[in-house]
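Asker: Curious how this folds, go ahead:
(one chain, ligands or ions: 1)
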Amino acid sequence: MNPKALLEQHGLSPRKSLGQNFLHDPNALEKIVATADLMPNDTVVEIGPGTGALTEYLARAARHVITIELDQRLRPVLEQTLAPYPNVAIIWDDVLNVDLLQVVGPKDFVVVANVPYYITSQILRHVLDNYRRPRRVVMTVQLEVAERVTARVGDMSLLAVSVQFFGKVSLVSKLNPAVFWPRPDVDSALLRIDTYDKPPVDVPSSEMFFRVVRAGFSQKRKQLKNALSGGLAIKSDAASALLEAAGIDVKRRAETLSLEEWAALTRAYAASK
Ligand code: SAM
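Answerer: Predicted coordinates for the structure are as follows:
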């Protein structure tokens, strides 16, 4: 049954504050599941199942589905939709409070989700910035966010560097607002991240890499030298010396650095300490 009819049957209406735009287009649902490239033995974590439309497709394609939903009002709806699927477990909680690795155990896993857009970055960080990561993440996101995450050198941001450090990202396709009910006010896209087994660049530690990158992006539209000096609490001369040691012109701006250049800067910072 489609999400609108299901909610009406239970006397419920979508909650905008929880980003509830439900997928009701079978082609879009099939496309999302196909993009996840699931194997029959896979474990999938789905964030925000809503009325369970995507969950049903995932339950048919994978061995286990662990789905995490915050809105307790949906309990009777989800229990009804998912009754035929004994391979689905529902966790009623805020995904940001759930330790995904504990829930999944030692198994390899894939994350597939149509998440509320207002917490996209937090969810990406929660899922990726961990000692063990899903093999793949397939998520619907606001089109602008998909473009920012997949940006190239010249348009990089803290979000782009952070996600590209963890995996190969691709904007698979745009999604028409009509595939959601209710229609969102913004355009959407399907994002796929294939995570790396080890970082794509040579850094002393990912913590130090992110300290340097965060510092570099801490002052918008300023030269990198000033941002680094403020963000790392070092003198301007010391920031210039780091950039020179890394072979980066002191006048450059953070948006123009490649992942390899951030890594060189991190190595210079580590050597200076
Ligand atoms: N997956 C469903 C679909 O595609 O039809 C629903 C998608 S809807 C965009 C997002 C879902 O995430 C809603 O069911 C909402 O209640 C849930 N949600 C919102 N914030 C959440 C959070 N912090 N943790 C878990 N679920 C959340």
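Asker: How about the residues of this protein by the ligand?
Answerer: Contact residues, the chain versus the ligand (CB under 6 Å from any ligand atom): 3, 18-23, 47-50, 53-54, 68-71, 94-96, 114-116, 119. In short, each C-beta sits where N, CA and C put it, glycine included.
Asker: Buried among these? Make that a ChimeraX selection.
Answerer: In ChimeraX, this line selects whichever of these come out buried by 16 or more other CB atoms under 10 Å:
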select :3,18,19,20,21,22,23,47,48,49,50,53,54,68,69,70,71,95,114,115,116,119
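Asker: Can you show me the CA trace of stretch 190-197 as PDB?
Answerer: C-alpha atoms of stretch 190-197 as PDB (Å, rounded to 0.1, in the frame of the first residue of the first chain):
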ATOM      1  CA  LEU A 190      20.800   9.800  -5.200                       C
ATOM      2  CA  LEU A 191      24.300   9.600  -3.700                       C
ATOM      3  CA  ARG A 192      26.500   6.500  -3.700                       C
ATOM      4  CA  ILE A 193      29.700   6.200  -1.600                       C
ATOM      5  CA  ASP A 194      31.900   3.200  -2.000                       C
ATOM      6  CA  THR A 195      34.100   3.300   1.100                       C
ATOM      7  CA  TYR A 196      37.900   2.700   1.000                       C
ATOM      8  CA  ASP A 197      39.500  -0.100   3.100                       C
END
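Asker: And the pLDDT for the nearest residue to residue 38 once chain neighbours are set aside?
Answerer: Nearest in space to residue 38, with sequence neighbours left out and distances taken as CB to CB, 6 or more residues apart in numbering, is residue 61 at 4.5 Å. Predicted confidence (pLDDT) for residue 61: 98.
Asker: Report how many residues lie close to residue 61.
Answerer: Look at residue 61: counted by other CB atoms under 10 Å, it has 18 neighbours.
Asker: OK, contacts around it?
Answerer: Residue 61 makes contact with 33, 36, 38, 40, 42, 44, according to CB atoms under 8 Å, 6 or more residues apart in numbering.
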